[in-house]
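S.K.: With the input below, show me the fold.
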Amino acid sequence: MSATDTTSSIDVGELAYELVSIPSPSGSEDAIAEYLIAWFADHGREAWVDDVGNVRAPADEVALLTTHLDTVSGHLQARLTQGDDASSAKWLYGRGSVDAKGALAAMATAAVTTGVSFAGVVREETDSAGAYHLINDRQQPEHVINGEPSGVTGIILGYRGIQQGTYAVSTPRVHPSRPDANAIDHLTNWWTATADRFSAVASPFASVTVTPHSVDGGLDMAETAVEASLAFELRVPPSVSIGRLRATLEGEAANGSIEWGQYIPPHRTDPNARPATALRWAIRDIGLEPRHLLKGGTSDANVYAEGWDCPVVTYGPGDASLDHRVDERIELGAIEHSIEVIEQAVAHLRGESS
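M.R.: Here you go, the predicted structure:
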């Protein structure tokens, strides 16, 4: 890192705008990876693309700053807006501005200014293939700060896990005048009972929730049976046994069967873990009050916490309620403030701050 690589010498707004301008839906992250490789080179850091497409810039392992390169599908044109008053906030609109290219700009910048390791991973929005490759292909860092929108003052200590599954059922074809329930009836009844079971939500982090993704039904190719299937996902808190949950749903699927797909376990970090303490200290250092958050979703932090024996916390600019929306947007000032927080947190982890 050269002496000129300070936050003031990096145009964070330009970096964030360029990142949002490059479409990178899951599975199509090559262009944004190429841009980041060149950006790191321009700032005196060697970076490279690994076998699955992750951007990796190893350095000081006191902290790994990481976030994902991909977004959900549906490109939204990047644009900047500002009020008439020169002091008004500047907003960056576009797909991924919140989830999570604001965090990507912050993590990349802070990695350069602090000299710690960086990884931008692929396919977080689908199967976390980039994060899984990372834990199997590099040494364990001392601490992980994962980039997702928490707001400048928010520190995410936990996420629910995710269990994917498909319910399928088949029944013989009969004349439609007969009262016998067919596969579509069985699927509808099973789904209604399952949705009702999890309809009472105490809090997003503490409850199981279930969401349908796709449904298919009708005559099979031979036109001798009615088939129906429904792909769904469960979000699972740390307090729930995934084994017992699967067994319960399988027991209620007597007319059909469930094929279980990917499972990512929930995770919760001790609030007294060093990176959480460092972020609290850093947020207070810029005159704000930190908040602890527990999220109802799932992120690559779950993968890192499962695969590495080191503390993992999540932090980054942006309002998570704007994730994936057509009006997704982030304030550029929030990105700049979060960089300052990350820089101070890294200094605290190094013991450079009292």
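S.K.: and after the helix or strand of the chain with the lowest mean pLDDT, which helix or strand comes next?
M.R.: The helix or strand of the chain with the poorest confidence is strand 79-82; it has a mean of 92 (mean pLDDT, DSSP states H and E). Once the chain leaves strand 79-82, the next helix or strand it forms, by DSSP states H and E, is strand 90-93.
S.K.: And the least confident helix or strand of the chain, what does it pack against?
M.R.: strand 90-93 (3 or more C-beta pairs under 8 Å, 6 or more residues apart in numbering; DSSP states H and E). Where C-beta positions appear, they are placed from N, C-alpha and C, glycine not excepted.
S.K.: Could the C-alpha coordinates of the helix or strand just after the strand it packs on be exported in PDB?
M.R.: If you walk from strand 90-93 toward the C-terminus, the next helix or strand you reach (DSSP H and E) is helix 102-114. This file holds the C-alpha atoms of helix 102-114, laid out as PDB (Å, rounded to 0.1, in the frame of the first residue of the first chain):
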ATOM      1  CA  GLY A 102     -22.400  -0.200  -1.100                       C
ATOM      2  CA  ALA A 103     -20.700  -2.700   1.300                       C
ATOM      3  CA  LEU A 104     -18.500  -3.800  -1.600                       C
ATOM      4  CA  ALA A 105     -17.200  -0.300  -2.100                       C
ATOM      5  CA  ALA A 106     -16.700   0.100   1.600                       C
ATOM      6  CA  MET A 107     -14.900  -3.200   2.100                       C
ATOM      7  CA  ALA A 108     -12.600  -2.700  -0.900                       C
ATOM      8  CA  THR A 109     -11.700   0.800   0.100                       C
ATOM      9  CA  ALA A 110     -11.000  -0.100   3.700                       C
ATOM     10  CA  ALA A 111      -8.900  -3.100   2.600                       C
ATOM     11  CA  VAL A 112      -6.700  -0.800   0.700                       C
ATOM     12  CA  THR A 113      -6.400   1.900   3.400                       C
ATOM     13  CA  THR A 114      -5.800  -0.600   6.200                       C
END
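S.K.: I'd like the mean pLDDT over helix 102-114, please.
M.R.: Taken as a whole, helix 102-114 has a mean pLDDT of 98.
S.K.: re the thing from before, pairing partners for the least confident helix or strand of the chain, with directions?
M.R.: Note on strand 79-82: by DSSP bridges, its sheet partners are strand 90-93 (antiparallel).
S.K.: contacts for the strand it pairs with?
M.R.: Strand 90-93 has contacts (C-beta atoms under 8 Å, 6 or more residues apart in numbering) with 13, 16-17, 20, 76-82, 102, 327-333.
S.K.: Now list the buried members of those residues.
M.R.: Among the contacts of strand 90-93, those buried by neighbour count (16 or more other C-beta atoms under 10 Å) are Gly13, Ala16, Tyr17, Val20, Leu76, Ala78, Gly102, Glu328, Arg329, Ile330, Glu331, Leu332.
S.K.: Find the nearest non-adjacent residue to the fifth one, please.
M.R.: Think Leu76. Arg95 (4.1 Å; C-beta to C-beta, 6 or more residues apart in numbering).
S.K.: any idea where the strands of the stretch 151-300 of the chain begin and end?
M.R.: Ranges of strands in the stretch 151-300 of the chain, per DSSP state E, counting those that start in this stretch, are 154-159, 161-172, 209-219, 225-236, 257-264, 267-268, 291-295.
S.K.: Can you say which of the ones you listed is nearest to His143?
M.R.: Of all the strands of the stretch 151-300 of the chain, it is strand 154-159 that lies closest to His143, at 13.1 Å by C-beta to C-beta.
S.K.: Show me which positions of that closest one end up buried.
M.R.: Residues Gly154, Ile155, Ile156, Leu157, Gly158, Tyr159 are the ones in strand 154-159 that count as buried (16+ other C-beta under 10 Å).
S.K.: Out of these, which is nearest to Thr277?
M.R.: Ile155 (9.7 Å).
S.K.: Touching, Ile264 and Gln164? I think so.
M.R.: No - at 9.1 Å, Ile264 does not count as touching Gln164 under the criterion of C-beta atoms under 8 Å.
S.K.: picking that back up, got the contact list for the least confident helix or strand of the chain?
M.R.: Strand 79-82 is contacted by residues Gly13, Tyr17, Ser88, Ala89, Lys90, Trp91, Leu92, Tyr93, Gly94, Leu332 when judged by C-beta under 8 Å, 6+ apart.
S.K.: Mind giving me the ChimeraX command for buried ones among these?
M.R.: ChimeraX command restricting the contacts of strand 79-82 to the buried ones, with burial defined by 16+ other C-beta under 10 Å:
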select :13,17,91,92,93,94,332
